[in-house]
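S.K.: Coordinates for the following, if possible.
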Amino acid sequence: MRLCALLVMGIWLLSGQYVAAEGLGGGGESLAAEDGTLDGDAEEPTEIRALTATRQALHGSAYWLVENVDSWFGDMPFDEEGGRVRGTVRLRLVYREDDGLATDSRFKLRVKMPNVSTRAYVFIGRDNEQELVSDQSEAFTREQLLLPENESDSQTLFVGLGYLLRDNLDFRLGVRSGYKLYGQARYRKVWSQTEASNLAWRQTIFLAVDDGLGTTTSLDYTYVLSPRTALRWRNSGTFSTETAGVNWSTSLGLFQAFGDARQLSVEILGNGETDARVPMREYGIRGIWSQPVYRDWVIGELILGHFWPKYDDDPQRDRSWAAGLGIEMQF
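M.R.: Alright, predicted model coming up:
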C-alpha cells in the first residue's frame, strides 16, 4: 500500500503539477538580478507565490551574507567581478521492501567571492558523510540507489574552501560533523574519441579524520545513438584504509531526452567490495524519470527499481522492489 501511494503521488506530481505550471506562463528565467534577487511572477496564485517567495528568501539571505563577507576583503563590486551564489535543496521519500519507508533532505551552497580570490570558492551543505569525503559519483549515491540512511552512512553538515588551480584541477579543505577535517585533490579529464563518443575520468585523492587515506576513480563512457538518445557506461571505485579492497559500482543504461529538460533512463547496475565476504553486494535494474515541475528551477524525479541484495550472513540473495520520489529546488 505504501508503494502504491508513493507511485500515485509521484505520477500526480510529475504530470499534473507541471501542466499547471506551464499554464501559468512557465519557462526559462534568469537566476538572479544584479542586486541578488530572483525574478518572480506577480500573476501567480497564492500557493505558487509562496514557492517563489521561499526561493527568493533562500537566495536573498545567502547572497546578502556572502556579499557582505566578501566586502571585508576588498572593494571590488561583487556582481561586476564574478561574484556568484548557487544553491540547491533536495527532499526525498523512498520505499524499499527490505527497509521500509524513509525520508531525508540535503542541501548544497557554492559561492565565489572575488575579493577573496578569483579562483577560490566556498561550499556549504548537508550530505551523506562517506559519500562527501570519498567524492562518490552522483549515480551511485544512496539517494540514487534508493537506500535509506543509517548510522554508519549518516548525513552530516559540512563547510569548506576550494581552490581552482586549473580548470580541471582543484583542492578542497573542509570540516564536517562540526570538527572532523577532510581534504581532497580532484582532477577531471574528458577525451572525445569520436564525434559520437567520449570518455570522462575523475580522480579524487582524499584524507580525512575517521576515514583515513584513499582515492576514488570515476570512469564514464558515453556513446550518442541519436540527438536525444545515448548509451552510458558509468563506473566508480574507491580504495582506502577503511575499505575491504575496492568499493566498486557500475551501471550500463540508455538515456532518452524528450525536450523541456525531461529525461528517462533505464539501467542495469551492481555494487560491492572486492575483498568482502560477498564481493557483489547488490545488483538490479533502475528506471529514472526527471522533469521540471515548476518553471526550470523546481525539478521532480521518480525512481523505480528492483534489486537483489545479499549480506554477509544471508544464505541467499533477497529480492526487493523500491521506489523513490525527489524534489529539488535550485536558487
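S.K.: ranges for the strands of the stretch 201-331 of the chain?
M.R.: Along the stretch 201-331 of the chain, counting by DSSP state E, counting those that start in this stretch, strands occupy 212-226, 229-240, 246-259, 262-273, 280-294, 298-309, 320-330.
S.K.: Tabulate those in CSV, adding columns for distance to residue 103.
M.R.: C-beta here means a position set from N, CA and C on the backbone, and glycine is covered the same way. Formatted as CSV, those follow (distance: least, CB to CB, whole Å):
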stretch, distance to residue 103
strand 212-226, 27
strand 229-240, 25
strand 246-259, 24
strand 262-273, 23
strand 280-294, 18
strand 298-309, 14
strand 320-330, 10
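S.K.: With residue 112 as the reference, name the closest of those.
M.R.: strand 320-330 (16.5 Å; CB to CB).
S.K.: just to revisit the earlier point, okay, the strands of the stretch 201-331 of the chain in a markdown table with mean neighbour count next?
M.R.: Compiled in a markdown table, the strands of the stretch 201-331 of the chain are given as follows (neighbours: other CB atoms under 10 Å):
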| stretch | mean neighbour count |
| --- | --- |
| strand 212-226 | 16 |
| strand 229-240 | 18 |
| strand 246-259 | 17 |
| strand 262-273 | 17 |
| strand 280-294 | 19 |
| strand 298-309 | 20 |
| strand 320-330 | 19 |
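S.K.: would you turn those into JSON lines with distance to residue 51 and mean pLDDT?
M.R.: Compiled in JSON lines, the strands of the stretch 201-331 of the chain are given as follows (distance: least, CB to CB, whole Å; pLDDT from 0 to 100):
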{"stretch": "strand 212-226", "distance to residue 51": "34", "mean pLDDT": "97"}
{"stretch": "strand 229-240", "distance to residue 51": "32", "mean pLDDT": "97"}
{"stretch": "strand 246-259", "distance to residue 51": "24", "mean pLDDT": "96"}
{"stretch": "strand 262-273", "distance to residue 51": "20", "mean pLDDT": "97"}
{"stretch": "strand 280-294", "distance to residue 51": "7", "mean pLDDT": "95"}
{"stretch": "strand 298-309", "distance to residue 51": "7", "mean pLDDT": "96"}
{"stretch": "strand 320-330", "distance to residue 51": "8", "mean pLDDT": "95"}
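S.K.: now for these, which one comes closest to residue 61?
M.R.: strand 320-330 (14.1 Å).
S.K.: ok, back up a step: between the strands of the stretch 201-331 of the chain, which one is nearest to residue 66?
M.R.: strand 320-330 (16.6 Å).
S.K.: quick one: that closest one to chain centroid distance?
M.R.: 12 Å (CA atoms, centre = their mean, to the nearest Å).
S.K.: if we can go back for a sec, residue 206: which of the strands of the stretch 201-331 of the chain is closest?
M.R.: Nearest to residue 206, of all the strands of the stretch 201-331 of the chain, is strand 212-226, at 5.7 Å by CB to CB.
S.K.: and the angle for that closest one with strand 229-240?
M.R.: Going by axes from the mean of the first three to the mean of the last three CA atoms, to 10 degrees, strand 212-226 is angled at 170 degrees with respect to strand 229-240.
S.K.: in its sheet, what does strand 212-226 sit against?
M.R.: Strand 212-226 has its sheet partners listed here by DSSP bridges as strand 197-208 (antiparallel), strand 229-240 (antiparallel).
S.K.: okay, those strands in a markdown table with distance to residue 73 next?
M.R.: What follows is the strands paired with strand 212-226, written out as a markdown table (distance: least, CB to CB, whole Å):
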| stretch | distance to residue 73 |
| --- | --- |
| strand 197-208 | 28 |
| strand 229-240 | 36 |
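S.K.: beta partners of residue 156?
M.R.: With DSSP bridges applied, residue 156 shows beta-bridge pairing to residue 127.
S.K.: how near is it to residue 210?
M.R.: Per CB to CB, to the nearest Å, residue 156 is found 11 Å from residue 210.
S.K.: With residue 171 instead?
M.R.: For residue 171, the distance to residue 210 equals 21 Å [CB to CB].
S.K.: Please apply the same query to residue 230.
M.R.: Applying CB to CB, the value for residue 230 to residue 210 is 39 Å.
S.K.: Nearest residue to residue 213 in space, please, no chain neighbours.
M.R.: Nearest residue to residue 213, sequence neighbours excluded (CB to CB, 6 or more residues apart in numbering): residue 207, at 5.1 Å.
S.K.: That should have said residue 311, apologies.
M.R.: residue 278 (6.9 Å).
S.K.: quick one, what contacts that neighbour?
M.R.: Applying CB atoms under 8 Å, 6 or more residues apart in numbering, we find residue 278 in contact with 272, 310, 311, 312.
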